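> sequence and predicted structure below; questions after.
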Amino acid sequence: MRRESVMRSSDAASARVAFADDAAIDRGAQILRDGGLVAFPTETVYGLGADASSSQAVAKIYQAKRRPSFNPLIAHVACLEAARREARLPSAAIKLATKFWPGPLTLVAPAAETCSVCDLARAGLDSVALRVPANRVALALIRAAGRPIAAPSANRSGHVSPVTAAHVVADLDGRVDLVLDGGRANMGLESTIVSFVGEKPAILRPGAIARAEIAAALGMELGAAPEQEAGEAPILAGGTAKSHDAPRASLRLDAAELRPGEAGLDFGGALAASDPSAVVLDLSPGGDLVEAAANVFSFLREFDARGCAAVAVAPIPRHGLGEAINDRLRRAAAPR
Ligand code: TXA
Ligand code: MG
């Protein structure tokens, strides 16, 4: 029934919608392992999934959503054990996970040594957001892919979150390799996000599990969420976390050439020639913005690791993912 209505509302071939049976889920898992995008149902809303361990794959999420900035994304895992490989979960977090997973609860905690979620999915943070969705299709897809799946809601940036496959098609047709139709996502409200990064647990985003339920499970009141845009959690709670979000090096944007002593963050080989002895990392020698997005956070870390104090940044085009890349670099360049 539902499947037919999707087919009628758009061209089935270009939409690539499939009823989420075992064969389609296996196909979806293969697409994810190959670095593609698969939209899938969860109990809250439809997610736009990519292999969370691949920055190239995650860059495609931002591109498909036409997001003007890089938000950290939720990594979906199949069970608590998988979550514990990704994050250092304190006992209070494990208490919540045991009570609410699978379910609409997301835990933010410091990344573990063994964390596989890439820098881009974490927007360069030292923490990671994890949840185990309560949906048969989502769990089967994560298990079959054999890795965490990064997935924001499967809508265009600024549009409402989709609760049917048809909504996903309406927003993202042609930008997603497969939409798994698993019927309606019945909650329609995103997961509640609880952070264990600061001194006390805090709710970063109110959602499908009420604050009172979380507080009761923890036996304590929780910090109030700071002022925020609807549906968007603040990136960090209270600045308590040590973070690689901002590099130590100072950045000089739109540089035409390197000055003495500067390292270079290049794009399309614009800076490379000016000083052959300098450290120059090229976001994308071929000028590909998806590749550049995939590299930006790890390169900023790399400059810190190499002890570079000043970095000249080549001009980066402002269209497509260039908008989010420029936004990120502007923040990194702002005086602190
Ligand atoms: O219900 C949901 O949670 C849906 C379905 C698809 O699972 N997913 C979803 O994902 O809403 P997403 O990626 O749009 O939510 C990301 C939110 C952002 O508001 C982000 O700020 C916050 O989670 N977040 C992610 N990682 C974080 C981190 N390390 N620290 C603080 N906040 C983080
Ligand atoms: Mg969303």
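Cool, the structure landed. Ligands and ions are numbered 1, 2, ... in the order given.
> quick check: the residue nearest the centre of the chain vs ligand 1, distance?
Geometric centre of the chain, nearest residue: residue 73, 2.5 Å, by C-alpha atoms, centre = their mean. Note on residue 73: its distance to ligand 1, by C-beta to the nearest ligand atom, to the nearest Å, is 4 Å. Where C-beta positions appear, they are placed from N, C-alpha and C, glycine not excepted.
> from residue 22, how far out is that residue?
From residue 73 across to residue 22, the span is 27 Å (C-beta to C-beta, to the nearest Å).
> before we move on, back to that, quick check: phi and psi on the closest residue to the residue nearest to the centre of the chain other than its chain neighbours?
Spatial nearest neighbour of residue 73, excluding adjacent residues (C-beta to C-beta, 6 or more residues apart in numbering): residue 150 at 4.4 Å. Note on residue 150: its backbone torsions stand at phi -80, psi 130 [degrees, to the nearest 10].
> contacts only, for residue 150.
Residues near residue 150 by C-beta atoms under 8 Å, 6 or more residues apart in numbering: 49-52, 57-58, 61, 73-76, 117, 121.
> if you set the cut-off to 6 Å instead, what comes out?
Contacts of residue 150 were listed using C-beta atoms under 6 Å, 6 or more residues apart in numbering, and they are 50, 52, 58, 73, 75, 121.
> what about residue 89, is that helix, strand or coil?
Secondary structure, DSSP: H, G, I helix; E, B strand; the rest coil: residue 89 is coil.
> tell me the secondary structure of the closest residue to it other than its chain neighbours, please.
With sequence-adjacent residues excluded and distances taken as C-beta to C-beta, 6+ apart, residue 89 is closest to residue 109, at 5.2 Å. Residue 109 carries the three-state label strand when classified by three-state DSSP.
> what comes up buried for stretch 21-33?
Of all the residues in stretch 21-33, those buried under the rule 16 or more other C-beta atoms under 10 Å are 24-25, 27-29, 31-32.
> got phi/psi on the closest residue to residue 191 other than its chain neighbours?
Leaving aside its chain neighbours, residue 191 sits nearest to residue 104 (4.1 Å; criterion: C-beta to C-beta, 6+ apart). Torsion angles at residue 104 (phi, psi; degrees, to the nearest 10) stand at phi -80, psi 50.
> quick one: residue 104 from ligand 1, how far?
Counting by C-beta to the nearest ligand atom, the gap from residue 104 to ligand 1 is 6 Å.
> same check on residue 222?
The gap separating residue 222 from ligand 1 is 15 Å, by C-beta to the nearest ligand atom.
> verify the stated contact: that residue with residue 203.
Yes. Checked against C-beta atoms under 6 Å, the pair residue 222 and residue 203 is within contact range at 5.2 Å.
> more neighbours, the two?
residue 203 (21 against 16; other C-beta atoms under 10 Å).
> tell me what that one is bridged to.
residue 194 (DSSP bridges).
> so it makes contact with residue 218?
No. Contact between residue 203 and residue 218 fails when scored by C-beta under 6 Å: they sit 10.8 Å apart.
> what about residue 301, which SS state?
Following three-state DSSP, we place residue 301 in the helix state.
> tell me the spacing between it and residue 42.
From residue 301 to residue 42 the distance is 31 Å (C-beta to C-beta).
> look at stretch 113-126 and report the distance between its end residues.
This stretch, stretch 113-126, spans 10 Å end to end (C-alpha to C-alpha, to the nearest Å).
> so how far is that stretch off the chain centroid?
Here the centre of stretch 113-126 is set off from its chain's centre by 9 Å, with C-alpha atoms, centre = their mean, to the nearest Å.
> sorry, back to before: narrow the contacts of residue 150 to those in helices?
Among those, DSSP state H puts residue 58 in helices.
> residue contacts, the residue nearest to residue 89?
Residues near residue 109 by C-beta under 6 Å, 6+ apart: 87-89, 93, 196.
> put together CSV for these, with neighbour count on each row.
Shown next, in CSV, are the contacts of residue 109 (neighbours: other C-beta atoms under 10 Å):
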residue, neighbour count
87, 25
88, 15
89, 20
93, 24
196, 23
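> can you map out the strands along the stretch 51-200 of the chain?
Here the stretch 51-200 of the chain has its strands, by DSSP state E, counting those that start in this stretch, at 74-76, 105-110, 127-131, 149-150, 178-181, 192-195.
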